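Trainee: sequence below, structure please.
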Amino acid sequence: MRIVTHTDFDGICCAALFLRKFGFDIEIIYATVKEAKNLSSTELSVDFTCDLPKVGNSINIDHHKSNYEELLETHRLTQDDKVDPNAASATDIVFTFLEYENDPIAEEIRELGHLADIAQLPPEYRILDIVLSMNSDDPYVLRLISELLAKNGRQILSTSWLKEKYSEIRTIYDETQKKIIKFIKNTPNLPRILILDTREAINSKLAKETFLPLFERNVAVIALVYSKSAQEPVRVSFRVTKTEQSSYDVSTVAKVFGGGGHRMAAACSPTSDKIPNILKQELMKIAKPSDTIQYRQI
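Mentor: Prediction:
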């Protein structure tokens, strides 16, 4: 069996559920959305694609509205596919698809994937989320995390490997937190809709650490701009605070720039010349009349 799954928390939990059900001999390919689309142009045989656009003729298990619409438009959606834009996470769909019953660890994995994808992961799991983010391009580490989750569920936090891995990146994480705190302290009048450019100051793998502290200060929508390097494409991740989830649909903005996602979480890769002016214009289309919109660099 060969599975292609996303490199984020939801995708890792999908992989863990498959490993727990079918054993540790199955092959798992961890991919970004772009990489999954590229795999579709190859002759690679894939059995399941999770939390990503469908690869080849695999069974697609996903919850992204943009992917669902694309499958309909290209006539690639089949009766075997399990794509539900109303599902909170791909992990939820995998759990049901694999017909888990009376398995407490599988239930714990399902809950973690669910909470991670709706941005409500309990604070104690930040250590796991940070390790995952910092190693999102390392398939060996992603596989190991998937296996540890499959074996231990919530008890993954007690494993010596996770504690050691976190200690390796603790310094850079603490420095990132200091920069975020300084930015907030020096920016007392934050807008309701914020385009935050982190490219000059924060490691791209930790850029999303800015979301929670900004939401806690009454920012409703964040368009987070980051990039791995000057040579890499610019990436914009959109998030809506959970108290405003019915008020804004950031997936419509992401779609303008060739991306997609959900109402509360979406992403795209616009060209640099569209930031911030064109991006700001598109965000204004989903804004409330009273909203302020600003571009800031951290």
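Trainee: so, low pLDDT: which residues of the stretch 101-250 of the chain?
Mentor: 229-231 (pLDDT under 70).
Trainee: try it again at 90.
Mentor: Applying pLDDT under 90 to the stretch 101-250 of the chain flags residues 114-123, 126, 133, 188, 200, 205, 208, 212, 228-233, 242-246.
Trainee: just the strands in it please.
Mentor: 193-197, 221-226, 235-240 (DSSP state E, counting those that start in this stretch).
Trainee: reformat those as JSON lines; add mean neighbour count and distance to Tyr30.
Mentor: (Glycine included, C-beta is placed from N, CA and C.) Formatted as JSON lines, the strands of the stretch 101-250 of the chain follow (neighbours: other Cβ atoms under 10 Å; distance: least, Cβ to Cβ, whole Å):
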{"stretch": "strand 193-197", "mean neighbour count": "22", "distance to Tyr30": "27"}
{"stretch": "strand 221-226", "mean neighbour count": "24", "distance to Tyr30": "20"}
{"stretch": "strand 235-240", "mean neighbour count": "24", "distance to Tyr30": "18"}
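Trainee: what's the burial count for the nearest residue to Phe215 once chain neighbours are set aside?
Mentor: With sequence-adjacent residues excluded and distances taken as Cβ to Cβ, 6 or more residues apart in numbering, Phe215 is closest to Thr241, at 4.3 Å. Thr241 has 21 neighbouring residues, counting by other Cβ atoms under 10 Å.
Trainee: Thr241 against Arg217, yeah?
Mentor: No. Here Thr241 does not reach Arg217: they are 10.2 Å apart, not a contact under Cβ atoms under 8 Å.
Trainee: which of the residues in stretch 2-19 are buried?
Mentor: 3-19 (16 or more other Cβ atoms under 10 Å).
Trainee: kindly report the same for stretch 34-51.
Mentor: 36, 39-40, 46-51.
Trainee: possible to save these as JSON lines with distance to Val253, secondary structure and pLDDT?
Mentor: Shown next, in JSON lines, are those (distance: Cβ to Cβ, whole Å; DSSP: H, G, I helix; E, B strand; the rest coil; pLDDT from 0 to 100):
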{"residue": "Ala36", "distance to Val253": "22", "secondary structure": "helix", "pLDDT": "93"}
{"residue": "Leu39", "distance to Val253": "27", "secondary structure": "helix", "pLDDT": "92"}
{"residue": "Ser40", "distance to Val253": "25", "secondary structure": "coil", "pLDDT": "85"}
{"residue": "Val46", "distance to Val253": "31", "secondary structure": "coil", "pLDDT": "96"}
{"residue": "Asp47", "distance to Val253": "34", "secondary structure": "coil", "pLDDT": "97"}
{"residue": "Phe48", "distance to Val253": "30", "secondary structure": "strand", "pLDDT": "98"}
{"residue": "Thr49", "distance to Val253": "25", "secondary structure": "strand", "pLDDT": "98"}
{"residue": "Cys50", "distance to Val253": "25", "secondary structure": "strand", "pLDDT": "98"}
{"residue": "Asp51", "distance to Val253": "21", "secondary structure": "coil", "pLDDT": "96"}
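Trainee: from Leu283, how far off is Tyr295?
Mentor: 10 Å (Cβ to Cβ, to the nearest Å).
Trainee: looking at those two, which is more packed in?
Mentor: Remark: of Tyr295 and Leu283, Leu283 carries more neighbours, 22 against 17, as counted by other Cβ under 10 Å.
Trainee: what's the angle between the helix or strand hosting the more buried one and strand 235-240?
Mentor: Take DSSP states H and E as the rule and Leu283 turns out to sit in helix 277-284. Using axes from the mean of the first three to the mean of the last three Cα atoms, to 10 degrees, the direction of helix 277-284 lies 20 degrees away from that of strand 235-240.
Trainee: what's helix 277-284 in contact with?
Mentor: With contacts defined as Cβ atoms under 8 Å, 6 or more residues apart in numbering, helix 277-284 is touched by 193, 195, 221, 223, 236, 253, 256-257, 270, 293, 295.
Trainee: buried residues in that helix?
Mentor: In helix 277-284, counting by 16+ other Cβ under 10 Å, buried: 279-280, 282-283.
Trainee: how about stretch 269-277?
Mentor: Going by 16+ other Cβ under 10 Å, stretch 269-277 has these buried residues: 269-270, 274-276.
Trainee: from the chain's centre, how far out does that stretch sit?
Mentor: Centroid separation for stretch 269-277 versus its chain: 21 Å, with Cα atoms, centre = their mean, to the nearest Å.
Trainee: as a whole number, average confidence for it?
Mentor: Mean pLDDT, stretch 269-277: 93.
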